[in-house]
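>>> Got a predicted structure plus its sequence, pasted below:
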Amino acid sequence: MRREQVEQYAFVLLAEAAKIFEDQGLDVDWKFALMTAGAALENGRLSESLKPEEAGSLYKESVEMLSRPMDLTRYKAWLDRAVRLCTSFSDAMQDLFLAHVGGIGRGLHVDDHAAKVFVEAEVRASVVFQFSRILTAAIKSAKNALGAPPWSALQPGSSSGKLVAYENIAELLNKISEHGDTNVVAFLNNAEGDEDIPPSVVGVVLGHELPLLSHLGVRARQQGVVFACSDGAEAYHGLKGSMGSLWGQSVTLDVKVGGQVSVSESKGGASPVRSSSTPQLAVDITSSADLTATAVVPCSKATEATCGAKCAASGEILAVIEAQKSSDYTAPPGCALPFGLMMKAAKPGWAKYSATAAAFDSKATKGETADELAAELRAFIASEWKVDDATVGAIQKHFPPSAKVMVRSSANCEDLQKVSGAGLYDSIANVDAGDKAAISKAVSLVWQSLWTKRAALSRRAAGMKHTDAAMGVLVQQMVPGDLSFIAFSSNPISRDENEVYVEMCVGMGETLASAAQPGTPYRFTFDKAKQAVNVQALSSFSYALVPPAGGSFELEEKVIDYSKIPLHTDPAFRESIITRVAKAVMALADARGSAQDVEGVVVLNGAGADVHIVQARPMVLAD
């Protein structure tokens, strides 16, 4: 039988199966659906209509899942990934066909709409379209069985403002002046996860999932911005499409902890907001900063005054572990570069730097202008602020020549009690400790990250003077974790102090800090009184970020085979690891005297695992 005939036969069989599942409504036979979807995946993998490696990973997991009692939480995560795989096929077909069909159609005087309909017909004629029908029916049934709302409450609460809609925060920022001195509630189709929220935005409804502990999530909770994320396009477009005459009017956005979202007319009207250039409370970042120290020191000797809170915290974590003599968790060794080293490098060109930095706030009134000015300052730092050989040599003394290190920011304007700054500044991964040029470049990149647009706008919003911002640098031996996590010692969503909240992913933790990877992380809570782990969601990320084999600082994407991830497949292992992480976070909070926001990694070693804490900072939430 020829390939085309096999495809046609598969199309007919899958279409019949899709009709069966659609007729079953909310009572879909999950195992039958999983078997049918697995057959569609194999067809797509062999025909290469689907991405072969990703389709193969999903197929292997479907086989492994069929050998076990059905876990609906895992099943839904699998379905989410499969749906994205179908969507990527549809998007690729649209891009491929429209690039050619559109031009041919216009040459033949065919209406553009007709050309698009032709492309849609080609997508619908594929096996993947029938596969997507099966997935749509199955995921509706799974959500119903789980009682899962179509929204995640990134920041629950209620807020009122003018209802607006934009593609993303950058577009909103460029148009914010059009709304005058008024609060806004914004529908946003997309977010990257590392943006800052304009001061006038009091509520956000986002069209896709977002790691709750991403930079954007942290910002929303710090600023008290009510924020809901849709777990799929259907719920988002349904709510957005129902707004009707409310656009441009004052509305109240209400987001419940459980994920219920509503938008209603506000009788009280939207209140005026302060200008971003006149912050309500300026944050002093100079009073305790010591800019005189210029020697690289071990983390145990780093202080917040000389090296920043992150460097000081690293030393404190090591001291806590030593004092507790705990074998449940550890921390990587490292060294700290004080603020004074950056100031020493900056001194020759300080006048020009100061003038350009001072002009940022008055000139960066639009997103594009802010990008341009920030890029200009990064280029200036790269060119003028030199990392001398003595500094590089001092760093190298702390690590074996064959080691890989992480080079992290430790600014005087991050990890503070009032301003977290989590995710604002850059961390450089996979730096070869034996390569002087690589270390020098990595330190320079961290200094340059003072002028990412998100960092500069965040300082402006907090009332910080840009020229008062100084960058210490934390260099730690890199732990290439099999799993990475961010955990709060007190649940930041529900504000329940009796719960630890944990998000986790496969691979490096950069996945958790942004929305660059579509999907959701593992989400757990740990009940301190009951010593019990609650699974809120299993990961649906399709790719892990891993260090490359060579010397590149850029992490590589690797397709995840969840059938080989014990956190995904072994409930006992899951319970053990999350309990250990939670207890480590609780111990750090007790030792440091405040609720903590903690980052770490888990390294699997045969039957067991090692937990490494790499960062900790005070939790910062809006009152």
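Done, it's in. Numbering: from 1, shown residues only.
>>> Spatially central residue in this structure, please.
In the chain, the residue lying closest to the centroid (CA atoms, centre = their mean) is Ser514, at 2.4 Å.
>>> name the element the closest residue to that residue other than its chain neighbours belongs to?
In this structure, Ser514 finds its nearest non-sequential neighbour in Gly193, 3.7 Å apart by CB to CB, 6 or more residues apart in numbering. In this view, the C-beta of every residue, glycine as well, is placed from N, C-alpha and C. Assessed by DSSP states H and E, Gly193 sits outside every helix and strand.
>>> and Gly193, how many neighbours does it have?
Close neighbours of Gly193, defined as other CB atoms under 10 Å, add up to 18.
>>> wait, doesn't Gln260 sit right on Ala148?
No: using CB atoms under 8 Å, Gln260 and Ala148 do not qualify as a contacting pair, with a distance of 11.8 Å.
>>> higher neighbour count, these two?
Ala148 (19 against 14).
>>> how much space is there between the residue nearest to that one when sequence neighbours are not counted and Gln536?
Distances taken as CB to CB, 6+ apart put Lys76 closest to Ala148, at 7.2 Å, once the chain neighbours are dropped. Using CB to CB, to the nearest Å, Lys76 is found at 12 Å from Gln536.
>>> more neighbours, those two?
Counted by other CB under 10 Å, Lys76 and Gln536 do not tie: Lys76 has more neighbours, with 22 against 17.
>>> give me phi/psi at the closest residue to Val387 other than its chain neighbours?
Distance criterion CB to CB, 6+ apart; nearest residue to Val387, sequence neighbours excluded, is Ser440 at 4.3 Å. Phi and psi for Ser440, reported as degrees, to the nearest 10, are phi -60, psi -40.
>>> same thing with Val184?
phi -130, psi 150.
>>> do the one 5 residues further on as well
Taking degrees, to the nearest 10, you get phi -70, psi -40 for the backbone angles of Asn189.
>>> got it, and Lys344?
Note on Lys344: backbone dihedrals following degrees, to the nearest 10 are phi -60, psi -40.
>>> what's the least confident helix or strand in this structure, going by average pLDDT?
helix 112-124 (a mean of 64; mean pLDDT, DSSP states H and E).
>>> After that helix, which helix or strand is next?
helix 127-146.
>>> What are the buried residues along that next one?
For helix 127-146, burial by neighbour count (16 or more other CB atoms under 10 Å) applies to 127-143, 145.
>>> list the helices and strands the next helix or strand after it packs on?
Going down the chain from helix 127-146, the next helix or strand is strand 151-155, by DSSP H and E. The contact analysis (3 or more CB pairs under 8 Å, 6 or more residues apart in numbering; DSSP states H and E) places strand 151-155 against helix 215-223, strand 226-230, strand 250-255.
>>> do that again at 6 Å, thanks
helix 215-223, strand 226-230 (3 or more CB pairs under 6 Å, 6 or more residues apart in numbering; DSSP states H and E).
>>> Sheet partners, orientation included, of that strand?
With DSSP bridges as the test, strand 151-155 is paired with strand 226-230 (antiparallel).
>>> pLDDT on the helix or strand that comes right after the partner strand, on average?
The helix or strand immediately downstream of strand 226-230 is helix 233-241, counting by DSSP H and E. Averaging pLDDT along helix 233-241 gives 91.
>>> contacting residues around Tyr75?
Tyr75 sits next to Ala142 when contact means CB atoms under 6 Å, 6 or more residues apart in numbering.
>>> need the helices for the stretch 301-450 of the chain, in chain order.
Ranges of helices within the stretch 301-450 of the chain are 304-307, 309-324, 339-346, 350-363, 367-384, 389-396, 436-448, based on DSSP state H, counting those that start in this stretch.
>>> Return the most buried member of those helices.
Most buried of the helices of the stretch 301-450 of the chain by mean neighbour count (mean count of other CB atoms under 10 Å) is helix 304-307; its value is a mean of 23.
>>> Pull the distance from it to the chain's centre.
Helix 304-307 sits 28 Å away from the centroid of its parent chain (CA atoms, centre = their mean, to the nearest Å).
>>> which sections of this protein are below the confidence cut-off?
1-4, 93-106, 108-123, 194, 268-288, 366-367, 415-423, 515, 607, 623 (pLDDT under 70).
>>> quick one on the thing from earlier: reformat the helices of the stretch 301-450 of the chain as JSON lines; add distance to Lys530.
Below are the helices of the stretch 301-450 of the chain laid out as JSON lines (distance: least, CB to CB, whole Å):
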{"stretch": "helix 304-307", "distance to Lys530": "36"}
{"stretch": "helix 309-324", "distance to Lys530": "23"}
{"stretch": "helix 339-346", "distance to Lys530": "45"}
{"stretch": "helix 350-363", "distance to Lys530": "50"}
{"stretch": "helix 367-384", "distance to Lys530": "47"}
{"stretch": "helix 389-396", "distance to Lys530": "45"}
{"stretch": "helix 436-448", "distance to Lys530": "42"}
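>>> among the ones you listed, which is nearest Val255?
Closest to Val255 of those, according to CB to CB: helix 367-384, at 25.9 Å.
>>> got the angle between that closest one and helix 436-448?
Here the directions of helix 367-384 and helix 436-448 differ by 140 degrees (axes from the mean of the first three to the mean of the last three CA atoms, to 10 degrees).
>>> For helix 367-384, C-alpha coordinates in CSV please.
Output of helix 367-384 as CSV, limited to C-alpha atoms (Å, rounded to 0.1, in the frame of the first residue of the first chain):
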residue,chain,number,x,y,z
GLY,A,367,8.7,50.9,24.6
GLU,A,368,10.8,51.3,21.4
THR,A,369,12.7,54.3,22.8
ALA,A,370,13.4,52.5,26.1
ASP,A,371,14.8,49.6,24.1
GLU,A,372,17.1,51.8,22.1
LEU,A,373,18.4,53.8,25.1
ALA,A,374,18.9,50.7,27.1
ALA,A,375,20.8,49.0,24.2
GLU,A,376,23.0,52.1,23.9
LEU,A,377,24.0,51.9,27.6
ARG,A,378,24.7,48.2,27.4
ALA,A,379,27.0,48.8,24.4
PHE,A,380,28.8,51.5,26.3
ILE,A,381,29.4,49.2,29.3
ALA,A,382,30.6,46.4,27.0
SER,A,383,33.1,48.7,25.4
GLU,A,384,34.3,50.8,28.3
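>>> now that helix against helix 350-363, angle please.
Per the same axes, to 10 degrees, the angle that helix 367-384 makes with helix 350-363 is 170 degrees.
>>> Other residues contacting helix 367-384?
Contacts of helix 367-384 (CB under 6 Å, 6+ apart): 170, 173-174, 349, 356, 360, 364, 444, 447-448, 451, 453, 456.
>>> Stretch 428-448 now?
Counting by CB under 6 Å, 6+ apart, residues outside stretch 428-448 touching it are 342, 378, 381-382, 385, 387, 392, 395, 399, 401, 403-407, 409, 426, 471, 473, 547, 551, 553, 555.
>>> Weed out the non-buried ones from those.
342, 378, 381, 385, 387, 392, 395, 399, 403-407, 409, 426, 471, 473, 547, 553, 555.
>>> ok, now which ones touch Asp597?
488, 617, 619.
>>> Export those residues as CSV, with columns for neighbour count and distance to Ser264.
Compiled in CSV, the contacts of Asp597 are given as follows (neighbours: other CB atoms under 10 Å; distance: CB to CB, whole Å):
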residue, neighbour count, distance to Ser264
Phe488, 24, 31
Arg617, 21, 37
Met619, 20, 32
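>>> Looking at those, which is nearest Asn498?
For the contacts of Asp597, the nearest to Asn498 is Phe488 (12.5 Å; CB to CB).
>>> didn't the closest one look like it was pressed against Tyr501?
Yes: under the criterion of CB atoms under 6 Å, Phe488 makes contact with Tyr501 at 4.6 Å.
>>> separation between Ala469 and Gly157?
For Ala469 relative to Gly157 (CB to CB), the value is 31 Å.
>>> Then Phe380?
As judged by CB to CB, Phe380 and Gly157 stand 41 Å apart.
>>> Appreciated, that's everything.
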